[in-house]
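Undergrad: Following is a predicted model, sequence given first.
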Amino acid sequence: MISPPDPRSYDLDAARTRLLPERGGKVDDSIPQLADADPDLCALALALPDGSIRSSRQATVSFSVQSAVKPFLFALALLDTDGAALDRVGIEPTGESFDAIKLESGTGRPPNPMVNAGALLTASLVEGSDPESRSARIARGLAAFAGRELEVDEDVAHNEHLLGDRNHALAHLMRAEGTLEPSADDTVAVYARSCATIVDAETLAVMGATLACGGVNPRTGERVVPERVARDVISVMATCGVYDGSGRWMRAVGVPAKSSVSGAIVLSAPGRLGAAVVSPPLDEQGTSVRGRLASEALSDDLALHSFASR
């Protein structure tokens, strides 16, 4: 069998340069901080099982993680509930937008952890007796995935909470169905704060690599979650991580991933690497236009596609 290409020799700056002429997409404007994002920001990073990082220019530019936090919230909920979170949230793709006001028929559960309803619920399931302790637990967990302490943009958190009308509606709906235990407002506040966590492409690649390495952070050597939890999270990323574009994504890219309205995409290729791409202009599904192209190129050039024979 032919050995896969070595990602340590991959020229990420050249890949970035090839992406820059792409001008499609639109920057998200759901909150002022996202609307002010630089549309020319474009960065790629790889984190490898040996702990090394490869990155392009702008890979240390900071941004709020937004929806790319969802796999890690799911992982923490699985860990803190000893797997019982799987009984509280579905794992099926929806074919709907990420903020659709929709729950599973007959159960009242969110359809999966990668849409907003599911992320609100998983954020409510992490250990903690009140919003402050749950937020602190999430912060510790995200820091373990990243291998370093992470800050929260308080202005982003405030606006995510204040302007997240659909998230409030979803939380109230789950409360009405008996699915959600904390109050709707407390739940949205915890989720908003997690979305406001500040990362960069290098950090997000390490987080993806921690899942890809079976729950062990390749930089610190710390076991963050059990291997089974990492496997379950990556499985749901593969089927649901790019919302109603997940099927097209797995056909073209073939690497489990989670997109984000900040323009970030985190990828986890099991046993191979974690990767992150950030470029704010989004397509109609809320996925970075350049990020999708970059992910396809990485998959092809590094032979990462899960279903390829080579």
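TA: Nice, I can see it. Numbers count the residues shown, from 1 in each chain.

Undergrad: longest helix in this protein, by residue count?
TA: Secondary structure of the chain per DSSP state H: the longest helix is helix 131-146.

Undergrad: Which helix or strand lies directly C-terminal to that helix?
TA: For helix 131-146, the following helix or strand on the C-terminal side (DSSP states H and E) is helix 154-163.

Undergrad: contacting residues around that following helix?
TA: The contact list for helix 154-163, computed with C-beta atoms under 8 Å, 6 or more residues apart in numbering, reads 30, 31, 32, 33, 64, 188, 189, 191, 192, 193, 195, 196. The C-beta positions use only the backbone N, C-alpha and C, and glycine is treated the same way.

Undergrad: and if we set it to 10 Å?
TA: With contacts defined as C-beta atoms under 10 Å, 6 or more residues apart in numbering, helix 154-163 is touched by 30-34, 63-66, 135, 153, 167-168, 185, 188-198, 262.

Undergrad: What are the buried residues along it?
TA: Neighbour counts over helix 154-163 (16 or more other C-beta atoms under 10 Å) mark 156, 157, 158, 159, 160, 161 as buried.

Undergrad: could you give the mean pLDDT of the next helix or strand after it?
TA: For helix 154-163, the succeeding helix or strand toward the C-terminus, using DSSP H and E, is helix 165-177. Averaging pLDDT along helix 165-177 gives 95.

Undergrad: what do you get for stretch 80-90?
TA: 96.

Undergrad: swap in stretch 50-61?
TA: 98.

Undergrad: End to end on it, go ahead and measure it.
TA: Start and end residues of stretch 50-61 are separated by 24 Å (C-alpha to C-alpha, to the nearest Å).

Undergrad: those strands in this protein, which residues are they?
TA: With DSSP state E, the ranges of strands along the chain come out as 43-47, 53-55, 63-64, 198-199, 257-259, 264-269, 273-278.

Undergrad: which one of these lies closest to residue 115?
TA: Closest to residue 115 of the strands of the chain is strand 257-259 (C-beta to C-beta; 11.2 Å).

Undergrad: any idea how far the nearest residue to residue 216 once chain neighbours are set aside is from residue 245?
TA: Distances taken as C-beta to C-beta, 6 or more residues apart in numbering place residue 223 nearest to residue 216, at 5.1 Å, with adjacent residues excluded. Look at residue 223 and residue 245: by C-beta to C-beta, to the nearest Å, they are 33 Å apart.

Undergrad: Residue 212 too?
TA: In terms of C-beta to C-beta, residue 212 sits 21 Å off from residue 245.

Undergrad: and of the strands of the chain, who's closest to residue 149?
TA: With C-beta to C-beta as the criterion, residue 149 lies closest to strand 198-199 of the strands of the chain, at 10.5 Å.

Undergrad: Sheet partners, orientation included, of the closest one?
TA: If you go by DSSP bridges, strand 198-199 pairs up with strand 63-64 (antiparallel).

Undergrad: Tell me how far the strand it pairs with lies from the chain's centre.
TA: On the basis of C-alpha atoms, centre = their mean, to the nearest Å, strand 63-64 sits 12 Å off its chain's mean C-alpha point.

Undergrad: residues in contact with it?
TA: Contacts of strand 63-64 (C-beta under 10 Å, 6+ apart): 31, 33-34, 37-38, 41, 43, 152-153, 155-157, 160, 195-201, 204, 260-264, 278, 280.

Undergrad: Might you list the low-confidence residue ranges for the chain?
TA: Residue ranges of the chain with pLDDT under 70: 1-2, 310.

Undergrad: swap the cut-off to 90 and go again
TA: Applying pLDDT under 90 to the chain flags the ranges 1-5, 94-102, 105-107, 163, 243-245, 285, 308-310.
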